[in-house]
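**Student:** Provided below for reference: sequence and predicted model.
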Amino acid sequence: QKEVEQNSGPLSVPEGAIASLNCTYSDRGSQSFFWYRQYSGKSPELIMFIYSNGDKEDGRFTAQLNKASQYVSLLIRDSQPSDSATYLCVNSIGNQFYFGTGTSLTVIP
Amino acid sequence: DAGVIQSPRHEVTEMGQEVTLRCKPISGHDYLFWYRQTMMRGLELLIYFNNNVPIDDSGMPEDRFSAKMPNASFSTLKIQPSEPRDSAVYFCASSLATGDTQYFGPGTRLTVL
């Protein structure tokens, strides 16, 4: 049973545009969500986490959580070529992380 | 802090050989996780420890896989005997507390011929 679903992409956006990455989850008991970025050949690194309904902003990144609709999203404003990577949506339930399969983002200069 | 340390970074072995992957978590982190990543299946949790005790090993694919954590600063993941389908990147991660951010090591890329 998959806990987290993501569109695998690939998603391509031009430099300077807003990239929107989406994720849905199945467990209504889910407590928190994380977005990890993974460059090719590298390990996942944390971008943002969110616990409460609504938006959370950090620089060019905004995480959005809607528990009623069971979705979480990540917006990247003013996308840069260096943002090109795979973005992993993670659902934390208890002690465990459940990773989505990731969305591949390419920012075109 | 140096972050999570894994060794070796790359391992190439022949089918049937024993493989041992090593991990040193971030000091003070009580949780340690072993993951496997492949193109087909993405990131899969294999096993995790809390205070050196294995809590959930339901992700370990077969009896060929075993993991130990003899102390707070060291863990091993062993595959014996290895098979070509075990080829993947194996990540170790650690976290401070339940549901807290997990910090990943650089991974070990395992190739079984």
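**Tutor:** That came through, no problem. Values in this document were obtained by computation on a predicted structure and should not be read as measured data.
**Student:** wait, what's in contact with B:D30?
**Tutor:** Taking Cβ atoms under 8 Å, 6 or more residues apart in numbering or on different chains as the definition of contact, the neighbours of B:D30 are B:N50, B:N51, B:S95, B:L96, B:A97. Backbone N, C-alpha and C define where each C-beta goes, glycine included.
**Student:** and the gap between it and chain A?
**Tutor:** When Cβ to the nearest Cβ, to the nearest Å is the yardstick, B:D30 and chain A sit 10 Å from each other.
**Student:** Equivalent analysis for B:C92, please.
**Tutor:** Between B:C92 and chain A the computed distance is 9 Å (Cβ to the nearest Cβ).
**Student:** Which helix or which strand is home to that residue?
**Tutor:** strand B:88-95 (DSSP states H and E).
**Student:** Tell me the helix or strand right after that strand.
**Tutor:** Following strand B:88-95 in sequence order, the next helix or strand is strand B:103-104 (DSSP H and E).
**Student:** That next one and chain A, are they touching?
**Tutor:** Yes: in this structure, strand B:103-104 sits against chain A according to Cβ under 8 Å from any Cβ of the partner chain; the contacting residues are B:Y103, B:F104.
**Student:** for the spatially most central residue of chain B, what are its contacts?
**Tutor:** Closest to where the C-alpha atoms of chain B average out (Cα atoms, centre = their mean) is B:W34, at 3.3 Å. With contacts defined as Cβ under 8 Å, 6+ apart, B:W34 is in contact with B:C23, B:L45, B:L46, B:I47, B:Y48, B:A67, B:S75, B:L77, B:Y90, B:F91, B:C92.
**Student:** what's the helix or strand for the closest residue to it other than its chain neighbours?
**Tutor:** Once its chain neighbours are removed from consideration, B:W34 has its nearest residue in B:L46; the separation is 4.4 Å (Cβ to Cβ, 6 or more residues apart in numbering or on different chains). Element membership of B:L46 [criterion: DSSP H and E] is strand B:42-50.
**Student:** neighbouring contacts of the helix or strand that that strand is followed by?
**Tutor:** Heading C-terminal from strand B:42-50, the first helix or strand you meet, by DSSP H and E, is strand B:53-56. Contacts made with strand B:53-56 from outside it, assessed by Cβ under 8 Å, 6+ apart, are listed as A:N95, A:Q96, B:L45, B:I47, B:Y48, B:F49, B:A67, B:M69.
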